[in-house]
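In: Fold the following for me, if possible:
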Amino acid sequence: MTDSIRLEPRRLKPSSIALPGSKSISNRTLLLAALSDNGCTIRSLLQSDDTDRMLDALTALGVGIEPLSDGLIRIRGCGGRFPQREADLFLGNAGTAFRPLAAALAVLGGDYRLHGVARMHERPIGDLVDALRIIGADIRYTGNENYPPLHIGKRQDNGIHSVPVKGNVSSQFLTALLMALPLTGEVFEIQVEGELISKPYIDITLNLMRRFGVNVENDGYRRFRLPAARYIAPETVHVEGDASSASYFLAAGLLSAVPIRVTGLGKNAIQGDAAFARELEKIGAAVTWGDDFIEVSRAEGQAVLPFDLDANHIPDAAMTLAVVALAAGAPCTLRNIGSWRVKETDRIAAMAAELRKVGATVREEAEAIHITPPARLTPNAVIDTYDDHRMAMCFSLVALLGVPVTINDPQCTRKTFPDYFAVFESLTA
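Out: The predicted structure is shown next:
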């Protein structure tokens, strides 16, 4: 792909999009399958930079991985102990790989070095490291304190089986502990300090752990009790379509008033971001839910309505709403999105800067963004994407609002949706 892509204003045709697999489910499933006592076939695994980094790491750790036909992949579980006790692992900017792997390796112990791209080394991990050190993990920072890269050594079992973890920075810290602690073979308890953000992502973790034979007792998202259990993989795991990626197409159905359907995701989805479609219903969308699809359109004459939303339950998909706000005709607010600050970029600052380029008036707060759409959008804006796949995909929707837009570094979508712009183009009438 080129260094930028220009998107002309367009009208859409009724379309159906087969979603790529969920990033969150894919990387969790890969790690759980690798740690299981038996083999597992994974269907519809996301093919992207983030999953490639996890697959590379598991291969370096000695896990048997066999690609099969029709996009299937077979993982030979290693029985809760990685064969390679020493490895240097490059994990790019994949938080869904870095955090759970760091916890698993710290619990198991060995001689491991974990590092990534420059932005990964700016994403905090201190709260997770502090929690792991409480149970005897040997983790050292090889760069800045509280940030990757990490050097992990041998854990000393100190008999402590109760772990506190802060809940207000990243739900991936709790996910990492939940997935790693069963590897000790002991009963453990985790206490969440402060308000837990992004609870639906914890629900994904707990759901997948149950599929792999480990049932966690959840006491109101404040306390989690883990049994002494081993991971037993199901014969086959199907990865449902990525709900965060669905948000761009569902929003396109609302903005264009043309029926757009996504498949691979339906009314029984385990991903919290599927609730994005319910938020669209509140602001003018007509939504149809099926077992394996969601379809969005907008009735003729129905306006896109302004909103003031606590978006803690859909932190990734809420970014799409920031661009939908441009069509709302009145001020809109997204609240409780402080986690945006520590993602692939500072997403509140980045979103504010790029929305201003298309004419919006934007006010940032520490954990909120307030967007007032302009009377007329500024044409020919050139959008910077900050090496953040979601910035690129969100701002493609500007082309549905009657003005051309240029997206810099469109290839950053390789992180989760490598052919996004080709799929987006296929919607054009």
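
In: So which residues make contact with stretch 263-274?
Out: With contact meaning C-beta atoms under 8 Å, 6 or more residues apart in numbering, stretch 263-274 is reached by 16-19, 21-22, 24-25, 44, 198-201, 203-204, 207, 240-244, 246-247, 289-294, 313-314, 316-317. Any C-beta I mention is one placed from the backbone N, CA and C, and that applies to glycine too.

In: what distance separates the start and the end of that stretch?
Out: One end of stretch 263-274 to the other measures 12 Å (C-alpha to C-alpha, to the nearest Å).

In: Buried residues of it, list them for me.
Out: 263-266, 269-274 (16 or more other C-beta atoms under 10 Å).

In: Same check on stretch 177-196?
Out: Buried, per 16+ other C-beta under 10 Å, within stretch 177-196: 177-184, 188, 190, 192, 196.

In: same deal with stretch 378-398?
Out: 381, 383-398.

In: Does anything pack onto the helix or strand harbouring Leu174? Which helices or strands?
Out: In this structure, Leu174 sits in helix 171-180 according to DSSP states H and E. In this structure, helix 171-180 packs against helix 23-34, helix 95-108, helix 126-134, strand 162-166, strand 188-193, helix 199-211, strand 223-226, with contacts taken as 3 or more C-beta pairs under 8 Å, 6 or more residues apart in numbering; DSSP states H and E.

In: mind showing which ranges of this protein have poor pLDDT?
Out: Scanning the chain for pLDDT under 70 picks out the ranges 1-2.

In: now the helices: where do they sit in it?
Out: 23-34, 49-60, 95-108, 126-134, 171-180, 199-211, 243-256, 276-282, 318-324, 347-357, 389-395, 420-425 (DSSP state H).

In: got the angle for the third one vs strand 188-193?
Out: Helix 95-108 and strand 188-193 meet at an angle of 130 degrees, taking axes from the mean of the first three to the mean of the last three C-alpha atoms, to 10 degrees as the criterion.

In: again with the fifth one
Out: When the same axes, to 10 degrees is applied, the directions of helix 171-180 and strand 188-193 differ by 170 degrees.

In: Kindly report the same for the second one.
Out: On the basis of the same axes, to 10 degrees, helix 49-60 is oriented at 150 degrees to strand 188-193.

In: all strands for the stretch 301-429 of the chain, in order.
Out: 308-310, 332-335, 361-365, 368-372, 381-383, 405-408 (DSSP state E, counting those that start in this stretch).

In: nearest to Thr96, of these?
Out: Evaluated over those, closeness to Thr96 peaks at strand 332-335, with 22.6 Å, by C-beta to C-beta.

In: What lies in contact with the closest one?
Out: By C-beta under 8 Å, 6+ apart, strand 332-335 touches 306-311, 318, 321-322, 325, 367-373.

In: Need the buried ones from these selected in ChimeraX.
Out: Selecting only the buried entries of those in ChimeraX, with 16+ other C-beta under 10 Å as the criterion:
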select :306,307,309,311,318,321,322,325,367,368,369,370,371,372,373
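
In: which phi and psi does the residue lying farthest from the centre of the chain have?
Out: Distance from the C-alpha centroid of the chain, by C-alpha atoms, centre = their mean, peaks at Gly301 (34.7 Å). When read as degrees, to the nearest 10, the backbone of Gly301 gives phi 90, psi -10.

In: what about it, distance to Ala257?
Out: Using C-beta to C-beta, to the nearest Å, we find Gly301 at a distance of 9 Å from Ala257.

In: again with Cys332
Out: 19 Å.

In: So between those two, which is more surrounded?
Out: Cys332 (25 against 20; other C-beta atoms under 10 Å).

In: got the contact list for the spatially closest residue to the more buried one that is not a sequence neighbour?
Out: Leaving aside its chain neighbours, Cys332 sits nearest to Ala325 (3.8 Å; criterion: C-beta to C-beta, 6 or more residues apart in numbering). The neighbours of Ala325, taking C-beta under 8 Å, 6+ apart as the test, are 306-307, 332, 360, 371, 373.

In: now with 7 Å?
Out: When contacts are counted by C-beta atoms under 7 Å, 6 or more residues apart in numbering, Ala325 touches 332, 371, 373.

In: nearest to Gly213, of those?
Out: Distances from Gly213 to the contacts of Ala325, taken by C-beta to C-beta, are shortest for Cys332, at 44.0 Å.

In: Dig out what the closest one forms beta bridges with.
Out: Ile371 (DSSP bridges).

In: what does Arg140 give?
Out: His151.

In: please begin residue numbering at 9 from this point
Out: Done: numbering now begins at 9, and the last item shifts to Arg148.

In: How many residues are close by it?
Out: 11.

In: Same check on the one 10 residues further on?
Out: Residues near Leu158, counting by other C-beta under 10 Å, number 22.

In: Surely it is in contact with Met128?
Out: No. In this structure Leu158 lies outside contact range of Met128 using C-beta atoms under 7 Å: 10.7 Å.

In: measure the nearest residue to Met128 once chain neighbours are set aside to His129 for me?
Out: Spatial nearest neighbour of Met128, chain neighbours left out: Asn101 (4.9 Å); criterion: C-beta to C-beta, 6+ apart. Asn101 sits 10 Å away from His129, going by C-beta to C-beta.

In: Ok, Leu204 next?
Out: 25 Å.

In: what's Glu197 in contact with, if anything?
Out: So Glu197 contacts 169-170, 231-233 (C-beta under 7 Å, 6+ apart).

In: circling back to that earlier point, buried subset of the contacts of stretch 271-282?
Out: By 16+ other C-beta under 10 Å, those give 25, 27, 29-30, 32-33, 52, 206-209, 211-212, 248-252, 254-255, 301-302, 321-322, 324-325 as buried.

In: And this structure, what are its domain boundaries?
Out: What the TED database lists as the domains of the chain is 12-28+250-435, 31-230.

In: For Pro314, give me phi and psi.
Out: phi -70, psi 160.

In: can you pull the contacts of it?
Out: Pro314 neighbours (C-beta under 7 Å, 6+ apart): 336-340.

In: ok, for His378, nearest residue in space, not its chain neighbours?
Out: Excluding the flanking residues, the one nearest His378 by C-beta to C-beta, 6+ apart is Arg371, at 4.3 Å.

In: Mind listing the residues bridging to the closest residue to Leu158 other than its chain neighbours?
Out: Excluding its sequence neighbours, the residue lying closest to Leu158 (C-beta to C-beta, 6+ apart) is Leu122, at 4.7 Å. Leu122 forms beta bridges with Leu97, Leu158, as assigned by DSSP bridges.
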